[in-house]
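J.: predicted model and sequence follow; I will ask about them next.
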Amino acid sequence: MHSSNWFRGTGDSPLRSFAMAVLIVLPFAFAQYAARTYLGFRAPLGLLIPPVMICVVFGGWRPAVLATVTSLGIGAFFLMEPRYSFAVASTEDRAVLVVFSFICSFMSLMGGMLERAERKAGCLMRSLQESEQTMRALLQATTQAALGVGQDGLIRFANEAVRRLFGYAPEELIGRPVWVLVPEGLPELQPQDLEAFFAASRTGYTSQVREVKARDKHGRLIAAEASLGMADTPSGPLAVTFVADITRRKEAEERIIHAARHDPLTGLPNRALIYELGAHALVAASRADRKVAMLFFDLDRFKPINDTYGHETGDRMLQEVARRLKAAVRASDVVGRLGGDEFIAILTDMQTEADVTHTAAHLLQSLGQPCRIGELELATSPSIGISLYPADGRDIDTLIRHADAAMYHAKGAGRNNFQFFTAEINDHAEHAFMLEQRLREALRRGEFELAYQPVLDTRSMRVVGAEALVRWKQEDAPSLPPAEFIAAAETSGLIHQIGDWVLAEACRQHDAWRRQGLPPLRIAVNVSPVQFRAKHFRRRVAEMLAGAGIDPACVELEVTEATVMKQVEQAARTLAGLKELGVRITLDDFGTGYSCLGYLSQIPIDKLKVDQSFVRRISDDPHSLAIADAVITLGKRLGTEVVAEGIESEQALDLLRQRECDHGQGYLFSRPLTGAQFATWCRDHDARRVLH
Ligand SMILES: Nc1nc2c(ncn2[C@@H]2O[C@H](COP(=O)(O)O[C@H]3[C@@H](O)[C@H](n4cnc5c(=O)[nH]c(N)nc54)O[C@@H]3COP(=O)(O)O)[C@@H](O)[C@H]2O)c(=O)[nH]1
């Protein structure tokens, strides 16, 4: 049967043709519907099926299709007379139509799936392209040089910023080994370690940041920071590195580190660096079985130069000393400044003590030469203490401590000389060290107490005040007088805490006497030169007074003449600050040594205290009497009160009274007493006075 017969066959009518067309289109429409419903998209390929099938069925291939269908046995089912047959088609045509519909559905389905796969692939491709473009744009936009390095160490990727950092065009770097850029400092990018880096990344290696030394095209070394990460690419893992130039940051860091380890005035190593370099020197000496000498320098008469000619001159002198010190030792030796006028030289690689002596003598000679500073020619000299490694100590701390002790010995031996540390100096230094430890303990345990010596009006013999004198009451031992521990407290700096305690305790006792009904009194407190020169002394006094709630006018601070004389201008400022607080100032030990009276008008004082060395001899020694006389007269001229200490006899008291010395204190009246004894003594004294 061919197509024309088929059209002309049974029931061959427009209606039959229409029915055939509907039957062909229906499965196709169904397939389209199914694809859209269940797969969610159109199947455009299915559109080709109807015309193809129509050609097949109605064209010359119809017999072949029928034969195939029949031979496959499918046709038998359809060739059977169906119970419900298509009214418009022959059995063969029905079979053909069923086969068509299967093929149609299958093709539509396949077409749909194909289309879906294509669309998915297209989407993936587009997103890949997008992310690659984004990545490229980001890598190009960043100011940091970005490199991609393969497992073989070759650069696979370089962004535009590499040009700025390394001087290479990006394309110049592609394919070149990364160690042309990173010659040192980043082990992961060295040939031998690169493999290990990649291996580590496979077992969960996380990104890291390293500081590296990189090299640019011109061989210049750059301080850089490399952030390393790992990327999986189709061609294998890639070490992705961002490299930032941190030269400026490193320079700033180095400046900060340098500043932290060097003395700003002389540029020499400071204490921290001296310890560090010294420790290295000791290790090296120990390996080579050599000696190291620690030289501790203190400049003689530097303070007066500083005070007289000003800090600028003093600073220039210290710079000159630093220069001479450096010039006099070898480059391998260490020269540093501990602070103030104290310098250190660590002489390494010494074989004998004679070597050290030779260098010390040379340094003494060099530093003793006058310094020309502007118009001035100023001379200082060093006192040098020397300790040796390993004999005098095996660590820097001990060596410096022992050299310092030897330096004090040199000062005591007339200055401008050097002294080696000895067993005798050691004993002395150890005693000082032990005393310092015991003082700390004493402060912690509250072992200090105050004794109070009455101060009387020489005319009326009324008690006008008390001088507070510190004592150290030791367990199972007699109390120690201040002469035994004040110097050690000053050296160790513990005097600040002790001084604070003395002032606070004296104020507390003053308040207690007031409450007990004692007449209004002034309380005198001794101030150490170390306390007086401390930066925050005024503030400390203000806090103490405020804490005690005492009327500041009742407090007399006793400062020695020597303390004031050492730095007159500075002392005058400090005294003026203290006066602003409302306290009174007494110049203690007046007449002992300095007696440069010209400065007295510059400083605000309320009282002069005639030193007890004159008062005790006032009746036997005309010279002492003359001095006491002069001090009292001077006090009158200056409008200050005058107090004489150390009055031990009626005779001395009479002489002082005759010269109108205002106040007096001494064993004639009373030895220093406890707070309670003082109150009783005052009452008894008043009673005796009334009776007389
Ligand atoms: N920084 C501080 N220094 C203090 C403090 N307390 C005392 N000191 C100073 O210690 C030095 C010795 O003092 P001290 O052993 O207490 O002796 C004082 C008196 O006991 C003694 N004195 C008093 N009258 C007489 C006397 O008639 N004869 C005699 N031989 N000695 C006597 O004099 C010392 C008082 O001296 P001064 O201070 O000059 O008035 C002494 O220098 C104290 O300053 C303190 O808390 N902090």
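T.: Received it, and whenever you're ready, just let me know what you need. Numbers count the residues shown, from 1 in each chain.
J.: what's near enough to touch residue 544?
T.: 500, 503, 504, 507 (C-beta atoms under 8 Å, 6 or more residues apart in numbering). To be clear about C-beta, it is placed using only N, CA and C from the backbone, and glycine gets the same treatment.
J.: what's the pLDDT at residue 344?
T.: pLDDT recorded at residue 344 is 98.
J.: distance of the residue nearest the centre of the chain from the ligand?
T.: In the chain, the C-alpha closest to the average C-alpha coordinate belongs to residue 260, at a distance of 9.4 Å (C-alpha atoms, centre = their mean). Remark: distance between residue 260 and the ligand (C-beta to the nearest ligand atom, to the nearest Å) = 35 Å.
J.: now for residue 285, how many residues are close by?
T.: By the criterion of other C-beta atoms under 10 Å, residue 285 has 18 neighbours.
J.: determine whether any part of the helix or strand where residue 507 lies lies close to the ligand.
T.: Residue 507 belongs to helix 495-515 when assigned by DSSP states H and E. Yes. Helix 495-515 reaches the ligand (C-beta under 6 Å from any ligand atom) through residue 502.
J.: any weak-confidence spans in the chain?
T.: 1-105, 107-108, 111-112, 184-193, 202-207, 592-598, 691-692 (pLDDT under 70).
J.: how does it divide up, domain by domain?
T.: What automatic domain parsing lists as the domains of the chain is 3-119, 142-250, 259-421, 435-691.
J.: ok so, going back, touching, the residue nearest to the centre of the chain and residue 271? I think so.
T.: No. The criterion here is C-beta atoms under 8 Å, and residue 260 misses it with residue 271 at 11.0 Å.
J.: for stretch 380-400, which positions count as buried?
T.: Neighbour counts over stretch 380-400 (16 or more other C-beta atoms under 10 Å) mark 380-389, 392-393, 396, 399-400 as buried.
J.: okay, that stretch in CSV with CA atoms only?
T.: Taking C-alpha atoms only, stretch 380-400 is exported to CSV below (Å, rounded to 0.1, in the frame of the first residue of the first chain):
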residue,chain,number,x,y,z
THR,A,380,85.3,66.3,83.9
SER,A,381,86.9,63.0,84.7
PRO,A,382,85.5,59.6,85.2
SER,A,383,85.4,57.3,88.2
ILE,A,384,85.6,53.8,86.8
GLY,A,385,84.6,50.6,88.5
ILE,A,386,85.6,47.3,86.9
SER,A,387,84.3,43.8,87.3
LEU,A,388,85.5,40.7,85.4
TYR,A,389,83.7,37.8,83.9
PRO,A,390,83.8,35.1,85.0
ALA,A,391,85.6,35.8,88.3
ASP,A,392,83.3,38.6,89.6
GLY,A,393,80.0,37.4,88.1
ARG,A,394,78.5,35.1,85.5
ASP,A,395,75.6,37.3,84.4
ILE,A,396,75.3,40.9,83.3
ASP,A,397,73.2,42.0,86.3
THR,A,398,75.9,40.8,88.8
LEU,A,399,78.7,42.2,86.8
ILE,A,400,77.1,45.7,86.5
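J.: enumerate the residues of the stretch 551-692 of the chain near the ligand.
T.: Within the stretch 551-692 of the chain, the residues that sit near the ligand (C-beta under 6 Å from any ligand atom) are 588, 589, 612, 645, 646, 648, 665, 666, 667, 672.
J.: among the residues you listed, which ones are buried?
T.: Among those, the ones that count as buried (16+ other C-beta under 10 Å) are 588, 589, 612, 645, 646, 648, 665, 666, 672.
J.: skipping its backbone neighbours, what lies nearest the third one in space?
T.: Which is residue 612. Spatially, and ignoring its direct neighbours in sequence, residue 612 is nearest to residue 646 (2.5 Å; C-beta to C-beta, 6 or more residues apart in numbering).
J.: which secondary structure state does the one you found sit in?
T.: Each residue gets one of three states, and residue 646 gets coil by DSSP: H, G, I helix; E, B strand; the rest coil.
J.: quick one: it from residue 124, how far?
T.: Taking C-beta to C-beta, to the nearest Å as the measure, residue 646 and residue 124 are separated by 106 Å.
J.: what about the one residue in the stretch 1-150 of the chain that gets nearest to the ligand, how many neighbours?
T.: At 63.3 Å from the ligand, residue 144 is the closest residue in the stretch 1-150 of the chain, using C-beta to the nearest ligand atom. Look at residue 144: counted by other C-beta under 10 Å, it has 19 neighbours.
J.: check the one 10 residues further on too.
T.: If you count neighbours by other C-beta under 10 Å, residue 154 ends up with 14.
J.: what pairs with it across the strands?
T.: Under DSSP bridges, the beta-bridge partners of residue 154 are residue 177.
J.: who in the stretch 401-550 of the chain is up against the ligand?
T.: So far as C-beta under 6 Å from any ligand atom goes, the stretch 401-550 of the chain lies against the ligand at 453, 467, 469, 470, 481, 482, 483, 486, 502, 526, 528.
J.: and the residues you listed, which of them are in helices?
T.: Mapping these onto helices (DSSP state H) picks out 486, 502.
J.: so which elements touch the biggest strand by length in the chain?
T.: If you go by DSSP state E, the chain has its longest strand at strand 221-233. On a contact count with 3 or more C-beta pairs under 8 Å, 6 or more residues apart in numbering; DSSP states H and E, strand 221-233 meets helix 161-166, helix 191-202, strand 208-215, strand 236-245, helix 247-261.
J.: circling back: tabulate the contacts of residue 544 (TSV), appending distance to residue 436 and neighbour count.
T.: As requested, those are exported to TSV (distance: C-beta to C-beta, whole Å; neighbours: other C-beta atoms under 10 Å):
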residue	distance to residue 436	neighbour count
500	18	16
503	22	26
504	22	17
507	27	23
